[in-house]
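Enquirer: Attaching a predicted model along with its sequence, questions to come.
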Amino acid sequence: MKKKLYRTAFISSPIIALIAITPAYAMGGFDINYIFLSWTVLTSIIFVFWNINIFLLLKIEFSEKWKRYVSSYCIIIAMQIFNVSIIKYLRLDPPNENILFPILGSIAMNTLIQILLNSIVLQFQKESAELEIQHLKISNLEAQKQILLQQLQPHFLFNALSTLKSLINDSPKLATDYIVRLSDFLRYSVQAKNHEIVTLEDEIKFTKDYIDLQKVRFGDALNFEIHIPENFFEQYVPVYALQALVENAIKHNAFTDKKPLFISIIIKDNSIEVSNNKLPKALHLPSGTGLENLNLRYKMIANNSIEIKETDTNFSVIISLVKK
């Protein structure tokens, strides 16, 4: 900000001086040499005014404007009285010039400088606040991702290891395939935490690995379909978006082989719809934290919200594709 203030002072000083001497030039009576000399001297004086105000700004809190204003005007008026006295003593002033005129002119110029200075400071504060907000958003996004990981891993790993234990005894070959899928799933979950968004192709693969691991546990009680044309694979979504919606469906429904859960992931109007039939658990009150976190992340990343549709038999969430 300091550099910007001095740059503005350097640029604006000759302009303000030119505006100040224009009336005298328009009225005539002064030769061009006197006009040029007056402009040069006035430019220097205005630049000094700028430096005084910048110095006071850096020494006095911006919130205490009255102290800065009083100090500024007192110094400027004292300086101008001194300058006028010297000019009068050396008899360099134009004939019949009123001593009050240069003092009022100095007050007017100083007021203009104060307006410009305050505008620059307020603009700087606005930009700083916006930058701070962006940093907070980034920090919040990172926190949201960590929350998702913390929500995902403990319960999932506990269930996955329990399933693996039973597979090792009953079906060693299936246990081997399960370990490979689990390894891929965990590797992606660790790598993806360094990204805000991922390609739809990567998120679909991650989600399919998650569903396949859950199908080993739930068998025919869990069914799913994914219909996403390949031409959408290079589009982007927030990391863990689809997986979180699938996990949400599994967590909040009670399903069995006789009453299976069916999860569908499709493209709809250039958005993705994740839907499932409703098989609510008895005496279960959903917290909604997972969807709230996802909605917050969407607002921060894409300035958009997720869309929730619910009927007596079906629950669906529509999320938009995002730009990188």
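Expert: Alright, I've got the coordinates. Every value quoted in this text rests on a predicted model; they were computed, and no experiment measured them. Residues are numbered from 1 along each chain as shown.

Enquirer: For the stretch 101-250 of the chain, just list every one of the helices.
Expert: Ranges of helices in the stretch 101-250 of the chain, per DSSP state H, counting those that start in this stretch, are 172-192, 200-218, 241-251.

Enquirer: need the next SSE after the last one, C-terminal direction.
Expert: In this case it means helix 241-251. Next in sequence after helix 241-251, counting helices and strands by DSSP states H and E, comes strand 261-268.

Enquirer: The nearest residue to Ala192 once chain neighbours are set aside and His195, how far apart?
Expert: Sequence neighbours aside, Val239 is the residue nearest to Ala192 in space, at 4.7 Å (criterion: Cβ to Cβ, 6 or more residues apart in numbering). For glycine as for every other residue, the C-beta is placed from the backbone atoms N, C-alpha and C. As judged by Cβ to Cβ, to the nearest Å, Val239 and His195 stand 5 Å apart.

Enquirer: more crowded one of the two?
Expert: Neighbour count, other Cβ atoms under 10 Å: between Val239 and His195, Val239 has more, with 26 against 13.

Enquirer: And that one, its phi and psi?
Expert: Per-residue torsions, Val239: phi -60, psi 140 (degrees, to the nearest 10).

Enquirer: Correct me if wrong: it contacts Thr199.
Expert: No - using Cβ atoms under 8 Å, Val239 is not in contact with Thr199, being 10.2 Å away.

Enquirer: Can you list the residue ranges for strands in this protein?
Expert: All strands of the chain, identified by DSSP state E, fall at 197-199, 222-227, 236-238, 261-268, 271-277, 307-310, 314-320.

Enquirer: Kindly check the end-to-end length of stretch 213-224 for me.
Expert: Start-to-end span of stretch 213-224 (Cα to Cα, to the nearest Å) is 13 Å.

Enquirer: Tell me which residues of that stretch come out buried.
Expert: Leu213, Gln214, Val216, Arg217, Phe218, Ala221, Leu222, Asn223, Phe224 (16 or more other Cβ atoms under 10 Å).

Enquirer: still on that earlier bit, quick one, which of the helices of the stretch 101-250 of the chain is packed in tightest?
Expert: Highest mean neighbour count among the helices of the stretch 101-250 of the chain (mean count of other Cβ atoms under 10 Å): helix 241-251, with a mean of 22.

Enquirer: avg pLDDT for that helix?
Expert: The average pLDDT within helix 241-251 is 90.

Enquirer: same thing with stretch 291-307?
Expert: pLDDT averaged over stretch 291-307 gives 83.

Enquirer: Reformat the helices of the stretch 101-250 of the chain as JSON lines; add distance to Lys126.
Expert: Shown next, in JSON lines, are the helices of the stretch 101-250 of the chain (distance: least, Cβ to Cβ, whole Å):
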{"stretch": "helix 172-192", "distance to Lys126": "35"}
{"stretch": "helix 200-218", "distance to Lys126": "37"}
{"stretch": "helix 241-251", "distance to Lys126": "33"}
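
Enquirer: Asn270 is nearest to which of those helices?
Expert: With Cβ to Cβ as the criterion, Asn270 lies closest to helix 200-218 of the helices of the stretch 101-250 of the chain, at 11.8 Å.

Enquirer: ok and the closest one relative to strand 222-227, angle-wise?
Expert: Angle of helix 200-218 versus strand 222-227, following axes from the mean of the first three to the mean of the last three Cα atoms, to 10 degrees, is 160 degrees.

Enquirer: Now do helix 200-218: which elements does it pack against?
Expert: Contacts defined by 3 or more Cβ pairs under 8 Å, 6 or more residues apart in numbering; DSSP states H and E place helix 200-218 against helix 100-170, helix 172-192, strand 222-227, strand 236-238, helix 241-251, strand 261-268.

Enquirer: Ok, which of these comes nearest Gln80?
Expert: Proximity to Gln80 (Cβ to Cβ) singles out helix 100-170 among those, at 4.2 Å.

Enquirer: Please name the residues that touch Pro229.
Expert: Contact analysis of Pro229 by Cβ atoms under 8 Å, 6 or more residues apart in numbering lists Ile267.

Enquirer: Tell me the buried residues in stretch 41-54?
Expert: For stretch 41-54, using 16+ other Cβ under 10 Å, the buried residues are Leu42, Thr43, Ile45, Ile46, Phe47, Phe49, Trp50, Ile52, Asn53, Ile54.

Enquirer: meant to ask about stretch 261-270
Expert: Neighbour-count burial for stretch 261-270 [16+ other Cβ under 10 Å]: Leu261, Ile263, Ser264, Ile265, Ile267.

Enquirer: which other residues reach that stretch?
Expert: For stretch 261-270, contacts defined as Cβ under 8 Å, 6+ apart pick out 204, 207, 211, 218, 221-229, 232, 242, 246, 249-250, 253, 255, 272-277, 279, 318, 320-321.

Enquirer: pLDDT averaged over that stretch, what's the number?
Expert: The average pLDDT within stretch 261-270 is 92.

Enquirer: what about it, distance to the chain center?
Expert: Mean-position distance between stretch 261-270 and its chain equals 31 Å (Cα atoms, centre = their mean, to the nearest Å).
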